[in-house]
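J.: what would the 3D arrangement of this be:
(2 chains)
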Amino acid sequence: MARRAQISGVQGTAVKDGTLTSFPLPNASTAMEGDAAQICLRALTVALLCFFEPDTATHVLVASVPYGLLHYDQEGEDVKIEGPIYAAFRQYVKAVATEEDTDPIRQSLIRAVENNQARVSGASINEILSCNLLQTVDMPYSIGLVRWVLTSLHRRRHECYPTRSFTVWALATVLSELGFQVSASLWAVNNEDDYVAQISSSRYRTGHPDVVLVTASVGETDLMAVQPTAANPAVTYKPQVIPIRSIPWVAFQHLAGNDGTVNTQYLSDVWEYAFDQATRAVESPRLSMNVRIKPVPDHDLIYAEHKRLAAFWSFHIEAILRAPMQQFIPHHDGLSNLVDPCRKHFWHHPGLQHASELGDEAMDHWYVMTTIILATVYAVCCKSLRHDGKPAGAHTQVAFHSNFIYGPKVYDWAAVVGQALSGGVSSAEWIGMLLEMVAGVEHPKPLTDMSTNVLSRSWQIIPAGNASLEMTTVTDVFGAQSNGVVLVSDFLIKPTVRPEALILFHVQYGQILDLPTDNGGYIRAASVTRPVYPIPLSDDYRKFLGDGSPNLSIRIDVEPNWENDARLIVLRARNEGVLVATFSAELASRRIQYTTIPCRCGNPTAKIEVDTNEHWQTATVSQILSANGSRVSIGSNARVYICTAGNEMARLTCASLLECRQVGIVLDCMLCAHRNMVQRTGESSVIVG
Amino acid sequence: MRIVVFHGAAPILKSGIMYPNLFSNQNTAIPSCYVLSRLDKLLERSRWIEVLNVQLSSVAFVVVYTHNMDLQFKTNWGPLTGIGVPFLDIKSAVELAVGAYGWWKARERTKSLAQVLGSAGCELSACSTFDINRYRSRYEIYEFIPKWLGEHKLVGFRVLQ
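T.: Numbering: from 1, shown residues only, chains lettered A, B, ... in the order given. Model (predicted):
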């Protein structure tokens, strides 16, 4: 596993020299501020946030603080933490989480748990790790532990705290690291004699009160746990930031001690091979209305049984699975029927609690298939990622939790990749998948839900190649920050008219400093509403398209929408430092996705001669910008050429300010753009080139 | 421009220093003049301090670069105080950090929580099972370098391993 550079303190991230850079913020941490009571609360919060998302951490915290962290003005009085007090706690935990997500101390605390875990004896590794599968009880059991830890030593009814939850034992390790008087015992109990010796008797008591992991039903555990109730919120776990190549070690760690072929090491080998093969099996994603990925020939599946099996995840992903499936999956008849119940189980009942009922053979094949699919999906996803300006790879770190595996997520991701390999998938879905896979973003609504106003917006557009109206989806999301991982679209870092920039993302770790995020952590575009003015056109018809010089020096900056909602971004165009236009990144994105005209003739031509009967008129960039940043319209049935002389920023600005349904942005070839636009009749056509 | 070398048991700059991981994958002794010239090129781009090979048990050495030191230390940039990143629009970044919707809210929310609890007739208290000194020492390891830099009024740093 690649070791992460140990960097002190909270990290910041900002755009520098066309890429995202990370650097420390030596004065940003508030971990040591306040009086002893505040620091104590902070320590407890930090510990909970190592394992749980803020909502779950808040629930555990408010259920525990009355047991030792609150002092009442009047003796005998009791305060119920609900309503505004609960809200205050929740806001507090969220604020601490924002800071702690970018502080590497969490990594060191999790490493401490891993080190302790490796030293535990008394039970087999399988027995120990099986305690990690009891996720339904993690929250009430954690409340029990925290209450016990907060209780003064002389008031504790139990000197030793047995638990059957691995999360509770790990939480004890972290609490100990952060200064609480507790220690996680390195001796796990798996039989009655040990239980009596370790827990019931005080003979072996160490200096600190121990939290003992009990891996078998040999006695009472979790003595102060609360009863799970329907009112409890669902437990949500904090993803860890780990290198992609370490994913199998986290996802399948419970198989570490397996005697059979399929164990963690084996699945890690499968992962490495599948990732490597998938990297070679696809080209970089292209964006032309939809995201499309071209598979390299001879990587598609051959055997029918393999195809049936792959179809459980996606019909079309078979185009790139040949090598790993031939290497690791037998192709005899009936295999897909064997694995099918596993797919249904995890789809409908996420989690590993009852997975043993599915049978070892079926589960072994399901594990291998899931490893191949997930490694393939991550390899394809890396084609859309840059880290420190270089292509992402197996070393790139992502926010990941093992729960991602045992639910519908992998199937959803495979379906998106499969669509991209066949007919194409909307950019909204593609970007949504990237944010989930890399930053661990939990979208408030499914990506395909057209009613959401976050990722999938429905637009009526007229694509460059198709004059008929078409409904499709674009997104107003250009990046996100979640779990300490930042993803920013290349379009925001280097604004351009190249469509691929919209689906290429830069990944970095830390708190993003120069771009705002909304409440959900998304970097989102504001909509900019401006009046529309018609521009006057000269009566001269052009003989040439592609000539002329705009004599402008335009720069486009991405800025918070200071005037309205500073949580959203806008694009601002400046000519020689003077602000000339403010426009929506979402509108610009829509224009780029659907109106750029790539060269199809293979011989890019910058300037072409046209018949004056085609009635091409000219508008200059200065004319477009002369309306003080307002949008401009073209008269009806006009054909207009806006000459930007290859100035990309001018092209982007003009295209975004035009209020016209048929716009064509020239990418490389004026000839192809002209051919495309002259086919359109009935409405105004504008070529921006 | 000023380069400061902070060292414990490590060789000093003039006699050549171990310079790991920055320019090559192998630890090599590089004459000081070479280091200085390469460092200048590097820092021309980054303009912040590089702390090299910090092993906190026995600090090897720290190479520090300061740029516009006076300018940067006369200002209060909230959580951004102490960084030296000229490529950042600091006004915007500070507003995005501490403004109404800013991300740096832990201090503020702690005060709010204390006030809300106060209005309900209670206050936070430290539990007797919490050892604040142990907690501080756990964080100290991460605050060692910033503290040292702060004492020397330096700009920023990066730890490479």
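J.: so who does the closest residue to residue A:669 other than its chain neighbours touch?
T.: Distances taken as C-beta to C-beta, 6 or more residues apart in numbering or on different chains place residue A:599 nearest to residue A:669, at 3.5 Å, with adjacent residues excluded. (C-beta placed from N, C-alpha, C; glycine too.) Counting by C-beta atoms under 8 Å, 6 or more residues apart in numbering or on different chains, residue A:599 makes contact with A:667-669, A:672.
J.: repeat that for 10 Å
T.: Shown in contact with residue A:599 (C-beta atoms under 10 Å, 6 or more residues apart in numbering or on different chains): A:605, A:666-673.
J.: kindly report the same for residue A:12.
T.: Contacts of residue A:12 (C-beta under 10 Å, 6+ apart): A:21-25, A:28, A:102, A:486, A:508, A:510-514, B:79-80, B:83, B:85, B:88, B:93, B:97, B:156.
J.: repeat that with 6 Å
T.: Neighbouring residues of residue A:12 by C-beta atoms under 6 Å, 6 or more residues apart in numbering or on different chains: A:23, A:25, A:510-511, A:513.
J.: how about low-confidence regions in chain B?
T.: B:1-75, B:140-161 (pLDDT under 70).
J.: how about the residues of it near chain A?
T.: Within chain B, the positions adjacent to chain A are B:79, B:81-82, B:87-88, B:93, B:96, B:101, B:103, B:105-107, B:109-110, B:112-113, B:116, B:120-132, B:134-135, B:138-139, B:142, B:145-146, B:159, B:161 by C-beta under 6 Å from any C-beta of the partner chain.
J.: now list the buried members of these.
T.: B:79, B:81-82, B:88, B:93, B:96, B:103, B:105-107, B:109-110, B:112-113, B:116, B:120, B:122, B:124-127, B:129-132, B:135, B:138-139, B:142, B:145-146, B:159 (16 or more other C-beta atoms under 10 Å in any protein chain shown).
J.: how much space between residue A:291 and chain B?
T.: From residue A:291 across to chain B, the span is 30 Å (C-beta to the nearest C-beta, to the nearest Å).
J.: check residue A:430 too.
T.: Residue A:430 is 27 Å from chain B, by C-beta to the nearest C-beta.
J.: hmm, that residue is touching residue A:290, no?
T.: No: Residue A:430 lies out of contact with residue A:290 (C-beta atoms under 6 Å); the separation is 8.5 Å.
J.: of the two, who's got more company?
T.: Set residue A:430 next to residue A:290 and count neighbours by other C-beta atoms under 10 Å in any protein chain shown: residue A:430 wins out with 27 against 19.
J.: rewinding a little: wait, which of the contacts of residue A:12 is closest to chain B?
T.: residue A:513 (4.5 Å; C-beta to the nearest C-beta).
J.: what about the helices in the stretch 501-650 of chain A?
T.: A:585-595, A:621-625, A:648-657 (DSSP state H, counting those that start in this stretch).
J.: how far does the second one sit from its chain's centre?
T.: When distances are taken as C-alpha atoms, centre = their mean, to the nearest Å, helix A:621-625 is centred 39 Å away from the chain's centroid.
J.: check which helices and strands it sits against.
T.: Packing partners of helix A:621-625 (3 or more C-beta pairs under 6 Å, 6 or more residues apart in numbering or on different chains; DSSP states H and E): helix A:648-657.
J.: hey, C-alpha coordinates of the helix it packs on in CSV?
T.: This file holds the C-alpha atoms of helix A:648-657, laid out as CSV (Å, rounded to 0.1, in the frame of the first residue of the first chain):
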residue,chain,number,x,y,z
GLU,A,648,-11.0,30.4,-27.3
MET,A,649,-12.1,32.6,-24.4
ALA,A,650,-13.9,35.0,-26.8
ARG,A,651,-15.6,32.0,-28.4
LEU,A,652,-16.8,30.7,-25.1
THR,A,653,-18.0,34.2,-24.0
CYS,A,654,-19.9,34.9,-27.2
ALA,A,655,-21.5,31.4,-27.4
SER,A,656,-22.7,31.9,-23.8
LEU,A,657,-24.1,35.3,-24.3
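J.: so how far is that helix off the chain centroid?
T.: Offset of helix A:648-657 from its chain centre (C-alpha atoms, centre = their mean): 30 Å.
J.: check which element follows it along the chain.
T.: Next in sequence after helix A:648-657, counting helices and strands by DSSP states H and E, comes strand A:658-659.
J.: could you check the angle helix A:648-657 makes with the helix or strand that that following strand is followed by?
T.: Following strand A:658-659 in sequence order, the next helix or strand is strand A:662-666 (DSSP H and E). Going by axes from the mean of the first three to the mean of the last three C-alpha atoms, to 10 degrees, strand A:662-666 is angled at 170 degrees with respect to helix A:648-657.
J.: circling back to that earlier point, so which of the residues of chain B next to chain A sit within helices?
T.: Those of the residues of chain B next to chain A mapping onto helices are B:93, B:96, B:106-107, B:109-110, B:112-113, B:116, B:132, B:134-135, B:138-139, B:142, B:145-146, per DSSP state H.
J.: quick check: residue A:330 vs residue A:188, distance?
T.: As judged by C-beta to C-beta, to the nearest Å, residue A:330 and residue A:188 stand 37 Å apart.
J.: same thing with residue A:369?
T.: 32 Å.
J.: if you count surrounding residues, which of the two has more?
T.: Neighbours were counted for residue A:369 and for residue A:188 using other C-beta under 10 Å; residue A:369 has more, 27 against 23.
J.: need the residue closest to the centroid of chain A.
T.: Centroid-nearest residue in chain A: residue A:435, 2.5 Å away (criterion: C-alpha atoms, centre = their mean).
J.: can you tell me the SS state at residue A:170?
T.: helix (DSSP: H, G, I helix; E, B strand; the rest coil).
J.: list the contacts for it?
T.: So residue A:170 contacts residue A:113 (C-beta under 6 Å, 6+ apart).
J.: repeat that for 8 Å
T.: Residue A:170 sits next to A:50-51, A:113, A:117, A:184 when contact means C-beta under 8 Å, 6+ apart.
J.: same check, this time on residue A:233
T.: So residue A:233 contacts A:55-56, A:59 (C-beta under 8 Å, 6+ apart).
J.: got the buried residues for the longest helix along chain A?
T.: In chain A, taking DSSP H as the definition, the longest helix is helix A:360-382. Using 16+ other C-beta under 10 Å as the test for burial, helix A:360-382 gives A:362-382.
J.: and the helix or strand just after that helix, what does it pack against?
T.: Going down the chain from helix A:360-382, the next helix or strand is strand A:385-387, by DSSP H and E. Counting contacts by 3 or more C-beta pairs under 8 Å, 6 or more residues apart in numbering or on different chains; DSSP states H and E, strand A:385-387 packs against strand A:505-509.
J.: mind giving me the packing neighbours of the strand it packs on?
T.: Strand A:505-509 sits against strand A:11-16, strand A:19-24, strand A:385-387, strand A:397-400, helix A:427-439, strand A:485-489, helix A:490-493, with contacts defined as 3+ C-beta pairs under 8 Å, 6+ apart.
J.: now mean pLDDT too, for those, in a markdown table please.
T.: Output for those, formatted as a markdown table (pLDDT from 0 to 100):
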| stretch | mean pLDDT |
| --- | --- |
| strand A:11-16 | 92 |
| strand A:19-24 | 88 |
| strand A:385-387 | 95 |
| strand A:397-400 | 95 |
| helix A:427-439 | 93 |
| strand A:485-489 | 97 |
| helix A:490-493 | 96 |
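J.: ranking the contacts of residue A:12 by neighbours, who comes first?
T.: Tallying neighbours with other C-beta under 10 Å puts residue A:25 at the head of these, with 29 neighbours.
J.: I'd assumed residue B:78 was in contact with it.
T.: No: using C-beta atoms under 8 Å as the test, residue A:25 is too far from residue B:78 to be in contact (9.8 Å).
J.: can you pull the contacts of residue A:301?
T.: The neighbourhood of residue A:301, defined by C-beta under 8 Å, 6+ apart, consists of A:307, A:310, A:318, A:321-322, A:325.
J.: go again using 6 Å as the cut-off
T.: Residue A:301 touches A:307, A:318, A:321-322, counting by C-beta under 6 Å, 6+ apart.
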